[in-house]
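> Got a sequence here, can you model it:
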Amino acid sequence: MSAFAKRAGDTPPLVIDNARVVDPSRGIDAPGAVIALGGVIAAAGPDALNQGQPDGAEVVDAGGAVVAPGLVDMRVFVGEPGFDHRETFASASRAALSGGITTIVTMPDTHPVIDDPALVDYVFRRARDTARVRVRPMAALTKGQAGQEMTEFGLLKEAGAVGFSSGRQVVANAQVLRRALTYARDFDALVCHMPEDPDLKGAGVMNAGDTAVRLGLSGIPSEAESVILARDLRLARLAKGRYHASLVSTAEAVDLIRWAKNQGIQATAGVAITNLTLNEIDVGAYRTFFKTQPPLRSEDDRLALVQAVADGVIDVVVSNHDPQDVETKRQPFAEAADGAVGLETLLAAGLRLVHAGDLSLSRLLEATATRPAALLGLDAGTLKPGAPADLVVLDVDAPWVLSETMLLSRSKNTPFEGARFMGRVAMTVVGGQVAFRR
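Model (predicted):
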């Protein structure tokens, strides 16, 4: 008889056997199994089945596929409320499950902006009723994302906000950001800021360089990022607050983050998967699906970003999922909106770096699951016993080609249309229940 006892009313037990278990939180990458009991991890690793299988368990033979913690995507724009035609919690969660993501952290850039506890509650209620993944909202850093007046961090955190973000906007007033970092320190809250100087960006629409000149497009210099980031890091040192650069895209930004960490500043950084796997040349013949914030940079910048992820200088990798509809993307390049969908391609695109030998699989999973969960204080990104049974089964060698018709997101603005990938999600489990099976 099994040593695992099933409690009445529990989610049915789940056993995934014959797997390669990868859990960066415990340094595990070995053949083994995972057992979920009552919606939580009962055992995971080489010795998981030493005590037998739970009675009545659903047993899945992984066939040697990877079993890893479900991804935690730290930067997701969802249209609700106000832009439901671009993305809803229901459509975003379907896309997330297809990409092995079990927790999405939503940005406050909605209409109205998520800057009030009642609106945080609204997000939770809508997600509870319509989403199939865990949804954790970030609240706005300033009221209305106007960059002038701080929001009520204490009340918003009490309502469930997991952090405070400027979203797509920039807090240009240094004193406002300093006060926010100081105020957030009292609540051990993470301040996430977009380092992009709006004046230096000006009318720029892509990376400043030879490609922009050849295409006749206005360029965005790397200094638009580094000037604001250098300011922010010094403000974080002054305020002794927890600062997170939402997205970095340049080699110069990498150097600044490395300097800050060496100085003992509480600073972390994220990077979009597009900036890790694409560069400015991909813009090609004015392809607006490659117009993002921050812009795709030079190949030298891309390589510096990849190395920074490998070294841990950059902490997290995000999809930067930013759905845009036909009206905002089917425009001349200079007039098209920034943004690309990315929930379904975050892991697949990241595996390009693994297959190329630039990142280990464990480091990729750490940057997309374990580390973002730790930064936000979430009980996720791990297969340790007692944690929620949120996991992904991944065939790292499965070849496939992405077409727009495959996308489950309500918007279709992917820069990876027609891209060839190696590695695909076979199954996603949330709370011990199979939520997606290919």
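
> mind checking the SS state of Val171?
coil (DSSP: H, G, I helix; E, B strand; the rest coil).

> Name the nearest residue to Leu351, ignoring sequence neighbours.
The shortest distance from Leu351 to any residue other than its chain neighbours is 3.7 Å, reached at Gly423 (CB to CB, 6 or more residues apart in numbering). For glycine as for every other residue, the C-beta is placed from the backbone atoms N, C-alpha and C.

> Can you report how many residues neighbour Ala374?
Applying the criterion other CB atoms under 10 Å, we find 18 residues in the vicinity of Ala374.

> Outside of the helix or strand hosting it itself, list whatever touches it.
Element membership for Ala374 (DSSP states H and E) is helix 371-376. Helix 371-376 is contacted by residues 72-74, 103, 105, 136, 162-163, 190, 244, 268, 315-316, 318, 378-382 when judged by CB atoms under 8 Å, 6 or more residues apart in numbering.

> 7 Å - rerun?
Where contact means CB atoms under 7 Å, 6 or more residues apart in numbering, the residues beyond helix 371-376 that reach it are 72, 74, 105, 136, 162-163, 190, 244, 268, 315-316, 380-381.

> One more: stretch 203-210?
Stretch 203-210 is contacted by residues 212, 217-221, 280, 283, 291, 295-298, 333-334 when judged by CB under 7 Å, 6+ apart.

> Out of those residues, which is nearest to Ile41?
Within the contacts of stretch 203-210, proximity to Ile41 (CB to CB) peaks at Leu296, which comes in at 38.1 Å.

> Any stretches of the stretch 251-400 of the chain with poor pLDDT?
Regions of the stretch 251-400 of the chain meeting the criterion pLDDT under 70 are absent.

> And the strands in it?
Counting by DSSP state E, counting those that start in this stretch, residue ranges of the strands within the stretch 251-400 of the chain are 267-272, 316-318, 391-401.

> Can you say which of those strands is nearest to Ala340?
When the strands of the stretch 251-400 of the chain are compared by CB to CB, strand 267-272 sits nearest Ala340, at 8.6 Å.

> what comes up buried for the closest one?
Using 16 or more other CB atoms under 10 Å as the test for burial, strand 267-272 gives Ala267, Thr268, Ala269, Gly270, Val271, Ala272.

> Report the contact partners of the fifth one.
Okay, so that is Val271. Val271 makes contact with Leu247, Val248, Leu305, Val309, Ile314, Val317, according to CB under 7 Å, 6+ apart.

> For the last one, give its distance to Val205.
I take that to be Val317. Taken as CB to CB, to the nearest Å, the spacing of Val317 relative to Val205 amounts to 25 Å.

> What is the burial count for Gln331?
Summarising burial for Gln331: neighbours were counted as other CB under 10 Å, giving 14.

> Kindly report the same for Ala203.
As a burial measure, Ala203 scores 9 neighbours (other CB under 10 Å).

> just the one 5 residues further on next, same as before
Applying other CB under 10 Å, we find 21 residues neighbouring Ala208.

> Report the contact partners of the nearest residue to it once chain neighbours are set aside.
Nearest residue to Ala208, sequence neighbours excluded (CB to CB, 6+ apart): Gly219, at 2.7 Å. When contacts are counted by CB under 7 Å, 6+ apart, Gly219 is found next to Gly204, Met206, Asn207, Ala208, Gly209, Ala212.

> if we go to 10 Å?
With contacts defined as CB atoms under 10 Å, 6 or more residues apart in numbering, the neighbours of Gly219 are 201-213, 280, 295.

> So which of those belong to helices?
Using DSSP state H, Lys201, Asp210, Thr211, Ala212, Val213 are the members of the contacts of Gly219 that sit in helices.

> And the furthest pair within these?
Taking every pair in the ones in helices among the contacts of Gly219 and measuring CB to CB, the maximum separation is 19.0 Å, between Lys201 and Asp210.

> Alright, I will stop here.
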